[in-house]
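Visitor: Requesting a structural model of the entry that follows:
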Amino acid sequence: MPFATPAHSVKPSDEPRPMAVRRPAGSPSTELPRRLLALDIETVPDDVMPADWPPDKFPKAPWHRIVAISFVEAEIRRDEETGLEEYHLAACRSGGGEGWDEGRLLRAFWKFFDEGDFRVVTWNGRSFDMPTIVARSMMHGISAAAWYRRGTKWAGYAHRYAPDWHTDLMDVMADFGATSRLTLEEAATLLGLPGKLGEHGSRVAAMVADGQTGRVRDYCETDCLNLAVLYVRFAFLTGRTGPEGHDRFVEELMAYLERERSGRPHLGRFLDGWRANFERRPPLISNGT
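Guide: Here you go, the predicted model:
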């Protein structure tokens, strides 16, 4: 399975969508990204971790072996008059295949990333997800040039205060450390999202050891769904998108989850868990603005 979005996963639309920008791998660009990538990874401890590392202490980022890279991908459309953005869903999925090793996953990810045009959204991604991806890519001898070469001297993926390129939503919502940081599960609860559906990152190693990599990928995808909805609500909060744009994304996502549920039951469970909270936490906001 390639890393690129399968054609059957893209939502049909009466309005044609432009293809993602294709450019040589690692080439620089200062144009604002036109695709959204709400990204999450799952990992297990690797044998590069020192033998005397305390078992109750979280391993450093480079000592994690990546077993899943998942994301929600959407097109960013900008209104030239108002400057407001809208986000139109393409897919929620995991890259590569269940049997792929870490090196193959990372090579495919960076090829996909190099050829695209993405604003990356993560949860604690500046401290964990991206440092892990970058360090493990370095270990495998894989170039991550696009991560470092795109943007400008003042704004790019490596800049903490450049949300057009990389928004670590956990960091941003905590006002960059001025207030307490929430977990993804805690933030999801604010919006009535179903959160992790009973899964937890602490169980990933056991699932992988038991041959349940597919279950790990499903869990990673549900984290990305929580993250994507949180990002679009935050975009409304901060004036980046309007109420109608917010609601169009939510409606597209709910329709996508409904269409995909027969072949991917975890997406149906996510939608059902979300719907169970609609009365308490309505998912749409335009009627209240």
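
Visitor: tell me how far the ends of stretch 138-154 are from each other?
Guide: When the termini of stretch 138-154 are compared using C-alpha to C-alpha, to the nearest Å, they are 25 Å apart.

Visitor: Also stretch 269-286?
Guide: Chord length of stretch 269-286, first to last residue, is 26 Å (C-alpha to C-alpha).

Visitor: So what's the gap between that stretch and the chain middle?
Guide: Stretch 269-286 sits 20 Å away from the centroid of its parent chain (C-alpha atoms, centre = their mean, to the nearest Å).

Visitor: List the buried residues in it.
Guide: Neighbour-count burial for stretch 269-286 flags 269-271, 273-274, 283, 285 (criterion: 16 or more other C-beta atoms under 10 Å). The way it works is simple: take the backbone N, C-alpha and C, and place the C-beta from them, glycine included.

Visitor: again with stretch 166-181
Guide: Within stretch 166-181, the residues that count as buried by 16+ other C-beta under 10 Å are 166-173.

Visitor: what mean pLDDT would you report for it?
Guide: The average pLDDT within stretch 166-181 is 96.

Visitor: State the distance from A91 to A228.
Guide: In this view, A91 and A228 are 11 Å apart by C-beta to C-beta, to the nearest Å.

Visitor: More neighbours: which of these two?
Guide: Using other C-beta atoms under 10 Å as the criterion, A91 and A228 rank with A228 on top: 26 against 18.

Visitor: Which pLDDT value goes with the more buried one?
Guide: At A228, the model reports a pLDDT of 98.

Visitor: and it, what element?
Guide: For A228, the host element (DSSP states H and E) is helix 213-237.

Visitor: same deal with G192?
Guide: Secondary structure from DSSP H and E places G192 outside every helix and strand.

Visitor: ok so R259 is a helix residue?
Guide: Yes - if the criterion is DSSP: H, G, I helix; E, B strand; the rest coil, then R259 is within a helix.

Visitor: burial measure for it, as a count.
Guide: By the criterion of other C-beta under 10 Å, R259 has 15 neighbours.

Visitor: Contacts only, for it.
Guide: Contact analysis of R259 by C-beta atoms under 8 Å, 6 or more residues apart in numbering lists nothing.

Visitor: Any figure for the gap between it and L237?
Guide: R259 is 29 Å from L237, where distance means C-beta to C-beta.

Visitor: per-residue confidence for A20?
Guide: pLDDT for A20: 45.

Visitor: Please, where are all the strands along the stretch 101-250 of the chain?
Guide: With DSSP state E, counting those that start in this stretch as the criterion, the stretch 101-250 of the chain has strands at 118-122, 166-168.

Visitor: Rebuild these as a markdown table, extending it with distance to K60.
Guide: Output for the strands of the stretch 101-250 of the chain, formatted as a markdown table (distance: least, C-beta to C-beta, whole Å):
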| stretch | distance to K60 |
| --- | --- |
| strand 118-122 | 18 |
| strand 166-168 | 18 |
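
Visitor: And these: which comes nearest G263?
Guide: G263 lies closest to strand 118-122 among these, at 25.6 Å (C-beta to C-beta).

Visitor: and that closest one, what does it pack onto?
Guide: Contact here means 3 or more C-beta pairs under 8 Å, 6 or more residues apart in numbering; DSSP states H and E; on that basis strand 118-122 packs against strand 35-45, strand 166-168, helix 169-173, helix 213-237.

Visitor: Kindly reformat those as a markdown table and extend each row with distance to S127.
Guide: Formatted as a markdown table, the helices and strands packed on strand 118-122 follow (distance: least, C-beta to C-beta, whole Å):
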| stretch | distance to S127 |
| --- | --- |
| strand 35-45 | 13 |
| strand 166-168 | 8 |
| helix 169-173 | 8 |
| helix 213-237 | 15 |
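
Visitor: partners of the longest strand along the chain, with directions?
Guide: Among all segments of the chain classified by DSSP state E, the strand with the greatest residue count is strand 64-78. Strand pairing for strand 64-78, using DSSP bridges, gives strand 35-45 (antiparallel), strand 85-94 (antiparallel).
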